[in-house]
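[1] just to be clear, the model below is a prediction. Sequence and coordinates:
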Amino acid sequence: MKIIVMVILVASLTGCASPSILTSKEDGPALIPVNQSTTGIAAADRLYSEGEQLRQQGQLAAAAEHFERGLRIAPRSAALYLGLSRVHLAEGHSDKAQQMAQRSLSLNPGGDSQQHKNWRIGALEVVAQAKSLAGDLEGSAVARKQINKLTGANE
Amino acid sequence: MSKSSISEFIRTFISKLKHFLHRHHVRRSKGWRFVGLGLVVVLMVSLVIWVGYLDTKITRHFTGKRWAVPAKVYARPLELFDGLQLSEAQLGFELELLNYTQVAGPPGPGQFQLNQGSYQISTRGFDFWEGSEASQRVTFTLRNEAIQQLASDGGSDDIVRLEPALIGGIYPAHNEDRVLVKLDQVPAQLTATLLAVEDRNFYQHHGLSFKGIARALVTNVSSGSVVQGGSTLTQQLVKNFYLNSERSLSRKVVEAVMSLLLDFHYEKDDILEAYLNEVYLGQAGRRGIHGVGLASLFYFGQPLRELKTHQIALLVGIVKGPSWYDPRRQPERSLERRNQVLEVMVEQGVIEQEAYDQARQQPLDVIGKPLYEDARYPAFLDLVKRQLQKDYRDEDLRSEGLRIFTTLDPWVQENFENVVQSQANRLSMGYQGQLKNVEAAGLITASNSGEVLGIIGGRDVRYQGFNRALDAYRPIGSLVKPAVYLAALEQGYTLAQLIPDEPVELVLPNGDTWSPENYDKETHGEVPLLIALAKSYNLATVHLAMTIGIDRVVDVMTRLGVTKKLPEVPALALGAVSLSPFEVTQMYQTIASEGFNSPLRTIRSVLTAAGEPLQRYPLDVEQRFDSSDIYLLTRALQETVKSGTAHSVQQVLDDDLKLAGKTGTSDEQRDSWFAGFSGNYLSVVWMGVDDNRSMPITGASGALQIWAQTFASLHQVPLDLTQPADVQWAWIEPLTQNRKAKACEGTVYIPMRSDTLPDKITECESSGTGVIKWFKGWFN
């Protein structure tokens, strides 16, 4: 029994020749596919762009419905969460807007493509505005600093 | 005033009158003349009062709300798009659920054609929350269990929805069911046919039609059977609306007077619309099917607007006797009746001869079974009702005709049910009958959003009673451990940190001594945190919980989504707390969503009976944990499946899926639990016996098997975690907690929160005895 346990432990912990997840070669950041597509799935892309149009027209409930429908197809799309955060911001729900923006950021922590940067900037912009709306000017300024860092703008 | 009180009033009046005449010595003959006159006056007054009473009855009921319309509950619609993973088996199931029929030629609404892997489906059209979607014809191929080359004639080549399946209703006490329609939503051909068959002078008569009675008499005598009825639609409506089924002359008189009054007060179109919604057209178990709107769905599985001539003829034909002409039970008789109606249609100019010839050739076209059965998914419907009752009054749910769009995925639900039943039966057969009464319950959700896709309330999945998924509160055993380890990670522990898996004795406030043991009754010395969780070591967990504080574990559980007050006792660290499968699912949902809590949802939106958006139940997220701590915890839960207590999952599921999970077994093996998730599904399964007896199974040999088999029956997306920005990988030597520049003997490569990384990086030692020393220390 001890031998079996030892073999498992060695396999799990020593790393070098282990097939363990912890030593897998794919441990870099999981990137959202970078191409012309927003979500990696044409159907979700369509829902995203229709949702954006609706949001810009002020049809916020319909826009949210589109983004959520998109998320059922592409559940890890930072862009779709960003869309939802903007809807909440437009509705004046600063807490919910921030939460959605944070979810978007959590799904898009890295990635140097301009598209990924834009989403991060977009989400931070929502955070900055939502904090400002809620009276947290200091928090808003922190988010703005992060935006400036990403855009390379002078502070 | 009722009829009996009127007669009582008349009797009393006559008696008082007689008494008056007697007292005043009125002469007999003169007196009786006076009595006669009085009686006429009284009768006239009574008649006026009676008609007034009927008039009030008519207007009060007709002007106010006429029907209690039950809420209708729908499953999620299946979305079709390029790249969707869809097996032939699932597509077949979904089409059958919606009563689509396969045809050889071009499909009409509710039909599909299959030609060498290429599908052509004609949807029926549906009113969704965002608006109506018309019937459209969609084509695609299924290759390698995925949709390709999807195209549609409805303007969207990217995404098309099938209509959602109706999965139940919330019914009024009298069990009537209907789908209200406005007159302008009813096909003109249907109203024209109804009038041609039931009441040709409808727009001319005043509620009664002597011409109609005469014509019906002639027609019926000449045809030798009752082809037409003599009652007008107004009379039929009055009969259904206000009167009972008694057949007497007095009831006929009341019916006639009320019909005249109804016609006097209301527009013909109002009366016709009421009739179309009231008419009794069939029976589904205990429920009466009323109105053409529901009957269209009940018999043809299609909205009214989609009906074709032969279907309209059948529907109108059924009016005469829904039971006698039941097209499912009496297909020949109802076909004959339909053709009689078609003849009337062509005679009366409702249709041309050519249309008549075509329609007559058509089969009955009735779907095999109605689109839904109420008792199909009782556990899910139970949760829907509970969530609705937070926002709606019970009375409104039963009467306002609300349309409830839910998250239920029938394919997921059915697969879950099949696995539960087969596994529970398998266990019942073995173990010398000790598990004869074993029960099972659980939930499956979309791991990223908290949408509930399926629920099992017990082995008998159609049972409408005790719903164990919501109401069975059982000790959760080791399912609590991720909360303990998460609390430690939040405190800066790393996955490589060593914790003692050694005997522990705690004196409880009541003076008892608590000395837990590991499942294998052994101790394992100093073990890295990752291994302690993956192997579910009790002693290491208790030591860890005592070091960080039980209050922190309680705090983590609360943030994970447990709303009830938890006991701050050491035994909590080993799961000495009773939760329902629903509550455990909520806990794990927060882990699966990377630290963002989303309340478990069964409802997406609610529409009014008229199709107006009433309420949306939006996706809600709230960050409760730092993504990096959840990332590290999930890595450990993946290791549990890879090499820990849940490794048997890999017997049925590919290890490339990188599934995360945790087994749980309560004291004396009274409860067997498993909780785990992939990239798209999360499920929690419980097994146990209602009388709380010990079982010869653990979490791994009971609930895990159901979980794994269910996951294997569904398309799984690998659990590829997004690495947070503040997580880095490093070579750590657990024994010294030193960080090494590269792989050395005795080191592990682990993800760490940046703020827990040792600053100093050392080179490998030449002796390379670290591993040996470490294992020596462990097994001593």
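    It's in.

[2] what residue in chain A comes nearest to chain B?
    residue A:43 (3.3 Å; CB to the nearest CB). Any C-beta I mention is one placed from the backbone N, CA and C, and that applies to glycine too.

[3] wait, that residue touches residue A:73, no?
    Yes: under the criterion of CB atoms under 8 Å, residue A:43 lies in contact with residue A:73, with a separation of 5.5 Å.

[4] overlap of the contact sets of those two?
    B:79, B:81, B:159 (CB atoms under 8 Å, 6 or more residues apart in numbering or on different chains).

[5] quick one: the helix ranked longest in chain A near chain B?
    With residue count as the measure and DSSP state H as the assignment, chain A has helix A:114-133 as its longest helix. No: Helix A:114-133 stays clear of chain B (CB under 8 Å from any CB of the partner chain), getting no nearer than 10.1 Å.

[6] quick check, the helix or strand following that helix touching chain B?
    Sequence-wise, the next helix or strand beyond helix A:114-133 is helix A:137-151, with elements assigned using DSSP states H and E. No: Helix A:137-151 stays clear of chain B (CB under 8 Å from any CB), getting no nearer than 11.3 Å.

[7] quick one: helix A:137-151 to helix A:114-133, angle?
    Per axes from the mean of the first three to the mean of the last three CA atoms, to 10 degrees, the angle that helix A:137-151 makes with helix A:114-133 is 170 degrees.

[8] still on that earlier bit, list the helices and strands the longest helix of chain A packs on?
    Helix A:114-133 sits against helix A:78-90, helix A:94-107, helix A:137-151, with contacts defined as 3 or more CB pairs under 8 Å, 6 or more residues apart in numbering or on different chains; DSSP states H and E.

[9] name the residues of that helix that come out as buried.
    Neighbour-count burial for helix A:114-133 flags A:115-116, A:119-133 (criterion: 16 or more other CB atoms under 10 Å in any protein chain shown).

[10] what is the burial count for residue B:96?
    Other residues near residue B:96 number 12, with proximity taken as other CB atoms under 10 Å in any protein chain shown.

[11] and the stretch 601-750 of chain B, which residues reach chain A?
    Taking CB under 8 Å from any CB as the criterion, the stretch 601-750 of chain B approaches chain A at residues B:605, B:613, B:616, B:618-623, B:627, B:635, B:638-639, B:642-643, B:658, B:680, B:720-725, B:729, B:731, B:734, B:743, B:745-750.

[12] and the helices in the stretch 101-250 of chain B?
    For the stretch 101-250 of chain B, the helices defined by DSSP state H, counting those that start in this stretch cover B:188-198, B:210-223, B:233-242, B:249-265.

[13] tell me the buried residues in the first one?
    Of the residues in helix B:188-198, those scored as buried under the neighbour-count criterion (16+ other CB under 10 Å) are B:189-198.

[14] for that helix, the distance to its chain's centre please.
    On the basis of CA atoms, centre = their mean, to the nearest Å, helix B:188-198 is displaced by 36 Å from the centre of the chain it belongs to.

[15] what's the answer for stretch B:266-279, then?
    Counting by CA atoms, centre = their mean, stretch B:266-279 is centred 33 Å from the centre of its parent chain.

[16] give the rounded mean pLDDT of that stretch.
    Mean pLDDT, stretch B:266-279: 91.

[17] tell me the buried residues in it?
    Of the residues in stretch B:266-279, those with enough neighbours to count as buried (16+ other CB under 10 Å) are B:266, B:271-279.
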